[in-house]
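Got a predicted model here, sequence first, then my questions.
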2 protein chains.
Amino acid sequence: MSNLKFKISKTDGQARLGTLSTAHGDISTPAFMPVGTAGTIKAMTPEAVAETGAQIILGNTYHLMLRPGADRVDHFGGLHTFMNWPGPILTDSGGFQVMSLKGLRKMSEDGVVFKSHIDGSSHNLTPEYSMEIQHKLDSNITMVLDECTPFPATKKEAYTSMQRSMRWARRSKDVFVKRDGYGLFGIAQGGIYPELRRESAENLREIEFDGYAVGGLAVGEGQEMMFKVLEDTTPHLPVDRPRYLMGVGKPADLVGAVMRGIDMFDCVLPTRSGRTDQAFTRMGQLNMRNARHKNDTRPIDPECTCYACKNYSRGYIHHLGLCKEILGATLLSWHNLHYYQDLMRGIRGAIAEGDLETFAEQFTAEQAAGDMDPI
Amino acid sequence: MSNLKFKISKTDGQARLGTLSTAHGDISTPAFMPVGTAGTIKAMTPEAVAETGAQIILGNTYHLMLRPGADRVDHFGGLHTFMNWPGPILTDSGGFQVMSLKGLRKMSEDGVVFKSHIDGSSHNLTPEYSMEIQHKLDSNITMVLDECTPFPATKKEAYTSMQRSMRWARRSKDVFVKRDGYGLFGIAQGGIYPELRRESAENLREIEFDGYAVGGLAVGEGQEMMFKVLEDTTPHLPVDRPRYLMGVGKPADLVGAVMRGIDMFDCVLPTRSGRTDQAFTRMGQLNMRNARHKNDTRPIDPECTCYACKNYSRGYIHHLGLCKEILGATLLSWHNLHYYQDLMRGIRGAIAEGDLETFAEQFTAEQAAGDMDPI
């Protein structure tokens, strides 16, 4: 019996329409989670994030454990209170960021010893410590500490790495503090090897988690391979538990992954792109720095109902980008997050209608039509 | 007969409680105008600016003429539409910024030839051209082009400079396009010399403007001297027209200047300070970067009703500052603008009660009490 209720109300092929219930509220799935790295969704207020339709956000354990520190977040009553986000929060384990600190970290069976990129201080991230930190952050969905298998990796490397992740998953589960409305997700690894993915999934099922993530993807393998790995993995995950594809991705990745049984996503793309003057639209991406926008009185997308599109022209947003004005980052992050949530709303609506395939075809056709009609 | 209605409903000593009416709405005076240099109040949405109580904002002609250019703002229907600020807008003449471009500009009786700090392109800012630009920006309150007399300046220098400003004021008036709800303000100069200030004020009265600014202050002369210059100037300005002290200032400057007959102010201080982690409070300034805030669960000011104080702790804002997160700049700009508007609300309330002196005494006592009670 899980501490996180998950109700699937409709399926369409492998895709599922569901509701995940946490102590801080419900999440309609498939869901996209904006990333709030250091306790803020960059350039946005929490109210603006909620207004886009986001129901859950992600916090980064690595960043938060270093600054302001888990004890301090705890002192403020947890991450929800600290950052003024009353809704559900998922935190990653810190493993992914720590492992990307090449030269600053040392892996062992125990965990990862690393030096902070901020002040060089030494830390030892173990599965047990990651659970403790995420508990102090008051995260609704805690992720097990795993080893993100590099890409490319030989089958032997992927196997050895996956096995360690499975041992760490067990250690994470052993110390995770159960509470109603809070849950722990396992993470399947195994690189691009179907047998390893299956073995990893079966290992996790045996340990039993509140949800199951697919890890080690979007690290350079490409969309086609990513989709194949999903096809090799999701059939071996419990059908009645949420599935989360970590760190993904582009709009087309989301549509394809939902069709392969994924319920949850997170990615920095909408906000990071917003801070570099890129806008996502139904017809592809717009570079707002491009001079062709300078006299354009139309909004980014005339059909979009976000705050930026309701109130500002492409020309104004182009101007803000040139002047490096903060409002430009805010408006484009807002629009992009709204676009991602619109996409998820569209996906959920299509599953409800049993028509996800048509939705996906239209989506692909619109994106292929190239970028929004230029003046 | 002016095209800008100004009604004074109450006076208290030299201080005046008034309403200035423009084509884009009314302004309760004494008023503080947030500065929107490049067509945005930095780090704020216009809705957030309005929520602080600001009724009019300032735009910088120098920045806007270079980027995006007056014709382009005109193409978008004027600055109100371009930047999504439906309320009144005052624009400066561009003179102050141009004259601070030491080495990049050449002054003559005609105007100022200068090179853009952005791309080195050459421009010729004359009184006539400044009027044309401000007209295209659709500014509700246009400022004459003047020469901001340097500080210190000999009496002869100040006289020569003031005389040129007066000739430019006349030229500005000659080409200004009259429209209902739009007006032109003259600017009194004369350095620190009472006779020159008086002569300048009388010159301007003769030309006749919709409002009168006191220029050339807050350039290093200090508060005491600034107040003295106001005492030497405001008595010579028409009593029935708004008076604007340009580029000022600190909270205590505002209180003192209102008591010397000033109705309008603008300053970058609340927003610039917000972007460098400084908070204005009733008890003085707080440096939010200071480590003593790190565990503080209280808001910046428990009595403040701004968005930042209602929703965030000092500890969180300290954290955002350390991480250089955009939301930190937003929250502190928001708080500081709210503080300034609260101060103006307090001043207006005190004038209405005929009790500005007591208000000023309390204000001074609170500020002198030093910064907000530390933990």
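Perfect, thanks for sending it.

who in the stretch 1-150 of chain A is up against chain B?
Contacts of the stretch 1-150 of chain A with chain B, taken as Cβ under 8 Å from any Cβ of the partner chain, map to A:38-40, A:42-45, A:67-68, A:72, A:75-76, A:82-84. Quick note: C-beta positions are derived from backbone N, CA and C, even for glycine.

and of those residues, the nearest to residue A:114?
residue A:67 (14.6 Å; Cβ to Cβ).

Wait, the closest one touches residue B:319, no?
Yes - counting by Cβ atoms under 8 Å, residue B:319 is a contact partner of residue A:67 at 6.8 Å.

Between the two, which contacts overlap?
Counting by Cβ atoms under 8 Å, 6 or more residues apart in numbering or on different chains, the shared contacts of residue A:67 and residue B:319 are residue A:38.

Looking at these two, which one has more neighbours?
residue B:319 (28 against 16; other Cβ atoms under 10 Å in any protein chain shown).

farthest-separated two in the residues of the stretch 1-150 of chain A next to chain B?
A:43 and A:75, at 26.4 Å, using Cβ to Cβ across the residues of the stretch 1-150 of chain A next to chain B.

Looking at these two, which one has more neighbours?
Per other Cβ under 10 Å, whichever of residue A:43 and residue A:75 has more neighbours is residue A:43, with 24 against 16.

Going along the chain, name the helices of the stretch 1-150 of chain A.
Taking DSSP state H, counting those that start in this stretch, the helices of the stretch 1-150 of chain A run over residues A:46-51, A:61-66, A:70-75, A:79-83, A:95-99, A:127-137.

The fourth one packs against which elements?
Just to be clear, that refers to helix A:79-83. Where contact means 3 or more Cβ pairs under 8 Å, 6 or more residues apart in numbering or on different chains; DSSP states H and E, helix A:79-83 is packed against strand A:89-91, helix B:314-322.

Tell me how chain A divides into domains.
A:5-267, A:277-364 (automatic domain parsing).

And the longest one, how far out from the chain middle?
This means domain A:5-267. Relative to its chain's centre, domain A:5-267 lies at 8 Å (Cα atoms, centre = their mean, to the nearest Å).

Please could you give me each C-alpha atom of stretch A:95-110, formatted as PDB?
Taking C-alpha atoms only, stretch A:95-110 is exported to PDB below (Å, rounded to 0.1, in the frame of the first residue of the first chain):
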ATOM      1  CA  GLY A  95      23.300  12.300  -7.800                       C
ATOM      2  CA  PHE A  96      23.000  13.600 -11.300                       C
ATOM      3  CA  GLN A  97      24.600  17.000 -10.600                       C
ATOM      4  CA  VAL A  98      27.300  15.500  -8.300                       C
ATOM      5  CA  MET A  99      28.300  13.000 -11.000                       C
ATOM      6  CA  SER A 100      28.700  15.700 -13.500                       C
ATOM      7  CA  LEU A 101      31.300  17.300 -11.300                       C
ATOM      8  CA  LYS A 102      34.200  15.600 -13.200                       C
ATOM      9  CA  GLY A 103      37.400  15.800 -11.300                       C
ATOM     10  CA  LEU A 104      35.700  17.100  -8.200                       C
ATOM     11  CA  ARG A 105      34.100  13.900  -7.100                       C
ATOM     12  CA  LYS A 106      35.100  10.300  -6.100                       C
ATOM     13  CA  MET A 107      32.600   7.500  -6.400                       C
ATOM     14  CA  SER A 108      32.600   4.400  -4.200                       C
ATOM     15  CA  GLU A 109      30.200   1.700  -3.100                       C
ATOM     16  CA  ASP A 110      29.400   3.900  -0.100                       C
END
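
mind showing which ranges of chain A have poor pLDDT?
In the predicted model, chain A carries pLDDT under 70 at residues A:1, A:371-375.

how about a cut-off of 50?
A:374-375 (pLDDT under 50).

Closest to the mean position in it, which residue would that be?
Relative to the mean C-alpha position of chain A, the nearest C-alpha, by Cα atoms, centre = their mean, is the one of residue A:266, at 1.2 Å.

and that one, which of the three is it?
What DSSP: H, G, I helix; E, B strand; the rest coil gives for residue A:266 is strand.

Could you give the bridge partners of it?
In this structure, residue A:266 bridges to residue A:33 when assessed by DSSP bridges.

I'd assumed residue A:37 was in contact with it.
No - contact criterion Cβ under 8 Å: residue A:266 and residue A:37 do not qualify, at 10.9 Å.

circling back: which stretch among the helices of the stretch 1-150 of chain A is buried most, on average?
helix A:61-66 (a mean of 24; mean count of other Cβ atoms under 10 Å in any protein chain shown).

Which residues does it contact?
Applying Cβ under 8 Å, 6+ apart, the set of residues contacting helix A:61-66 is A:37-39, A:70, A:73, A:79, A:91-94, A:96-98, A:116-118, A:121, A:123, A:125, A:130, A:133-134, A:137.

can you give me the strands for the stretch 51-200 of chain A?
Assigned by DSSP state E, counting those that start in this stretch, the stretch 51-200 of chain A shows strands spanning A:57-59, A:89-91, A:105-107, A:112-115, A:122-125, A:141-143, A:183-188.

doesn't residue A:254 make contact with residue A:230?
No - in this structure, residue A:230 is not within contact of residue A:254 by Cβ under 8 Å, at 11.8 Å.

how close does the residue lying closest to residue A:80 once chain neighbours are set aside get to chain B?
Using Cβ to Cβ, 6 or more residues apart in numbering or on different chains and skipping the chain neighbours, the partner closest in space to residue A:80 is residue A:86 (5.8 Å). Per Cβ to the nearest Cβ, to the nearest Å, residue A:86 is found 10 Å from chain B.

Show the contacting residues for residue A:86.
Listed by Cβ under 8 Å, 6+ apart, the contact partners of residue A:86 are A:24-25, A:80.

can you count the residues close to residue A:53?
17.

Now it: phi and psi?
Dihedral pair for residue A:53: phi 110, psi 0, per degrees, to the nearest 10.

these two touch, right, it and residue A:338?
Yes - with contact defined as Cβ under 8 Å, residue A:53 reaches residue A:338; the gap is 7.3 Å.

Tell me how many other residues crowd residue A:10.
13.

Okay, buried residues for stretch A:102-113 please.
Judged by neighbour count (16 or more other Cβ atoms under 10 Å in any protein chain shown), stretch A:102-113 contains these buried residues: A:105, A:107, A:111-113.

Compute the first-to-last residue distance for that stretch.
Terminal residues of stretch A:102-113 are spaced 12 Å apart (Cα to Cα, to the nearest Å).
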